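Asks: I would like to see how this sequence folds:
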Amino acid sequence: MGLISKADGSPRIAGRIFGLLLIEGRPLPLHDIANRLQISKASASTNARLLASRDIVRLTSRAGDRQDYYELVPTGQLHFLEAIASRLQKNATMVAACVEEVAAESAAAGSRIHQLAEFYGRSAEFVAAWSRQNEPVS
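Replies: Numbers count the residues shown, from 1 in each chain. Prediction:
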């Protein structure tokens, strides 16, 4: 999960925290996360808060216990789909911005660039729709 996280442009440690919580299947206190992953408590805290800001994990507590616990949000994986859809849409926008300039030099090349932009756009729409389809009903 750390390598996947890194490849997606997020910190490797954030992916490792996600993976640990996925494997454990229960809330873990911050010091346990740090110890299990052999990272500093500050790094565990920073990356756990990053995951929480993305609604992938949530901060919880226990009555009579002053420790902070982190657990996976049951639908946290949907945020991965949203991030993928966002990247695909950015790619569509970037590629589409080149169509006119390329088409001015070569209509055939402009057409291919336009097809690529359309591919990215349709892919973004598909992934976003898939994410919405899997959202829990409130």
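Asks: ok, now which ones touch residue 48?
Replies: Listed by Cβ atoms under 8 Å, 6 or more residues apart in numbering, the contact set of residue 48 reads 17, 30, 33, 57, 59, 70. C-beta coordinates here come from the backbone N, C-alpha and C atoms, glycine included.
Asks: is it within a helix or a strand, and which one?
Replies: In this assignment (DSSP states H and E), residue 48 forms part of helix 41-53.
Asks: which helices and strands does the lengthiest helix in the chain pack with?
Replies: Longest helix of the chain, by residue count under DSSP state H: helix 107-133. With contacts defined as 3 or more Cβ pairs under 8 Å, 6 or more residues apart in numbering; DSSP states H and E, helix 107-133 has these neighbours: helix 77-96, helix 99-105.
Asks: now do it, average pLDDT.
Replies: Mean per-residue pLDDT for helix 107-133: 93.
Asks: could you give the angle of it to helix 77-96?
Replies: Compare the direction of helix 107-133 with that of helix 77-96 by axes from the mean of the first three to the mean of the last three Cα atoms, to 10 degrees and you get 160 degrees.
Asks: what are the neighbouring residues in contact with the spatially most distant residue from the centre of the chain?
Replies: Centroid-distance maximum for the chain: residue 105 at 38.0 Å, with Cα atoms, centre = their mean. Contact partners of residue 105, counting by Cβ under 8 Å, 6+ apart, are absent.
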